[in-house]
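Participant: sequence isn't available, so here's the structure alone:
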C-alpha cells in the first residue's frame, strides 16, 4: 500500500529540533521525501504498524502533529504530479 506521512514538529527548543531530525530519519528509512515534511512510503500492513509505532515514539503529542494517509489503489488515479520533482516509481525497474 502507498501511504503519505506528513508532520509538523515544534522546533522552538533544541529538543524539538532533535525530534524533527529523528522523525525525518524514521521516514527516510521507509520511503522517499517528496517535500520538506512529506514522505511517500510503499509498505505492507506489518511495516505500516512498525512505522507508526516508531514515529509515535519520536513525537511529542502535546507539541507536534503527525498524519498518515493511506492512498487507495490504483494510486495512479489519485496522484497528479506537476513541477520538477518526479517520484520514484516503486513498481518500475530500479537502476543504481
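Facilitator: On my side now, so go ahead. Everything numeric here is computed off the predicted structure, so don't read it as measured data.

Participant: and the contacts of stretch 48-60?
Facilitator: Stretch 48-60 is contacted from outside by 1, 3, 5, 7, 9-10, 16, 19, 22-23, 26-27, 30, 41, 43, 66, 68, 70, using Cβ atoms under 8 Å, 6 or more residues apart in numbering. For glycine as for every other residue, the C-beta is placed from the backbone atoms N, C-alpha and C.

Participant: what about that stretch, average pLDDT?
Facilitator: Mean pLDDT, computed over stretch 48-60, is 96.

Participant: quick check: residue 67 is in a strand.
Facilitator: Yes. When DSSP: H, G, I helix; E, B strand; the rest coil is applied, residue 67 is found to be in a strand.

Participant: pretty sure it contacts residue 5?
Facilitator: Yes. Counting by Cβ atoms under 8 Å, residue 5 is a contact partner of residue 67 at 7.3 Å.

Participant: so what does the longest helix out of those in the chain touch, helix or strand wise?
Facilitator: Longest helix of the chain, by residue count under DSSP state H: helix 14-30. Judged by 3 or more Cβ pairs under 8 Å, 6 or more residues apart in numbering; DSSP states H and E, the packing partners of helix 14-30 are strand 2-8, strand 38-42, helix 45-58.

Participant: now do that helix and strand 38-42, the angle between them.
Facilitator: 30 degrees (axes from the mean of the first three to the mean of the last three Cα atoms, to 10 degrees).

Participant: what is the residue nearest to residue 5 when sequence neighbours are not counted paired to in the beta sheet?
Facilitator: In this structure, residue 5 finds its nearest non-sequential neighbour in residue 39, 4.6 Å apart by Cβ to Cβ, 6 or more residues apart in numbering. Beta-bridge partners for residue 39, by DSSP bridges, are residue 5, residue 33.
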